[in-house]
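**Student:** predicted model and sequence below, questions to follow.
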Amino acid sequence: MSRRTAYGVALVGLAAGALAFRGPCLGNRPMHCDEAVHAFKFRKLWETGRYRYDPNEFHGPTLYYATLPVVWARGVRSFPETTEADYRTVTVVFGAAMVLLFALFAEGLGRRATVWAALLTAVSPAFAFYSRYYIQETLLAFFTLGMLGAGWRYARSRRAGWAVTAGVCAGLMIATKETAVLALGA
């Protein structure tokens, strides 16, 4: 097996481990009040097909739109049929997928360093804990890491695809949570 293949296998294995670490028993605790508010906001989107942004309250729609495929895949027909696990699955997947984004930095940091960063992210108690909450922070962290990685790749290669990817991630950061402007400013 080549080093490149081993590196890819290691990152995919770490992402699978992160998923296994975050995924069990998602419905074993009641929803936190913030999670319940977001579930209610999702309900409005699901039932009406529209999301109405209120700048005085709540955040952007990415969490709610990312939840749609989960409830569709489960064949849920009404809001009362949804479970805590349906909602938390979204943040678990984004939290585990973050591990894969470290590949964007391999050329600059080296493969060994990115595998270590991916491992520490995969087993981080804080990342695991917040990845199991139906809140925007995990998606915000995912899109921020994606923007930084794609932006760095663009700076090195000048390939337009990386600039577009960085821009999409930046837009999704803002569409996820207004505090994205702090990360963008930094």
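**Tutor:** Everything's here; your move. Everything numeric in this text was worked out from a predicted model, so none of it was measured.
**Student:** buried residues in the strand or helix carrying residue 167?
**Tutor:** Here residue 167 sits within helix 160-176, counting by DSSP states H and E. Neighbour-count burial for helix 160-176 flags 162-163, 165-166, 169-170, 172-176 (criterion: 16 or more other CB atoms under 10 Å). (Glycine included, C-beta is placed from N, CA and C.)
**Student:** just stretch 144-156 next, same as before
**Tutor:** 144-154.
**Student:** now stretch 23-33
**Tutor:** 23, 26, 31.
**Student:** redo those residues as a markdown table? Include distance to residue 86 and secondary structure.
**Tutor:** Below are the buried residues of stretch 23-33 laid out as a markdown table (distance: CB to CB, whole Å; DSSP: H, G, I helix; E, B strand; the rest coil):
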| residue | distance to residue 86 | secondary structure |
| --- | --- | --- |
| 23 | 13 | coil |
| 26 | 9 | coil |
| 31 | 11 | coil |
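**Student:** one step back: avg pLDDT for the very next helix or strand once past the helix holding residue 167?
**Tutor:** With elements assigned by DSSP H and E, the helix or strand that comes after helix 160-176 is helix 180-185. For helix 180-185, the mean pLDDT works out to 91.
**Student:** same check, this time on stretch 19-32
**Tutor:** 93.
**Student:** starting at the chain centroid, how far to it?
**Tutor:** Mean-position distance between stretch 19-32 and its chain equals 16 Å (CA atoms, centre = their mean, to the nearest Å).
**Student:** can you get me the start-to-end distance on it?
**Tutor:** 21 Å (CA to CA, to the nearest Å).
**Student:** run through who's touching it.
**Tutor:** Here stretch 19-32 makes contact (CB atoms under 8 Å, 6 or more residues apart in numbering) with 39, 83-85, 87-89, 92-93, 95-96, 122-123, 128, 131-134.
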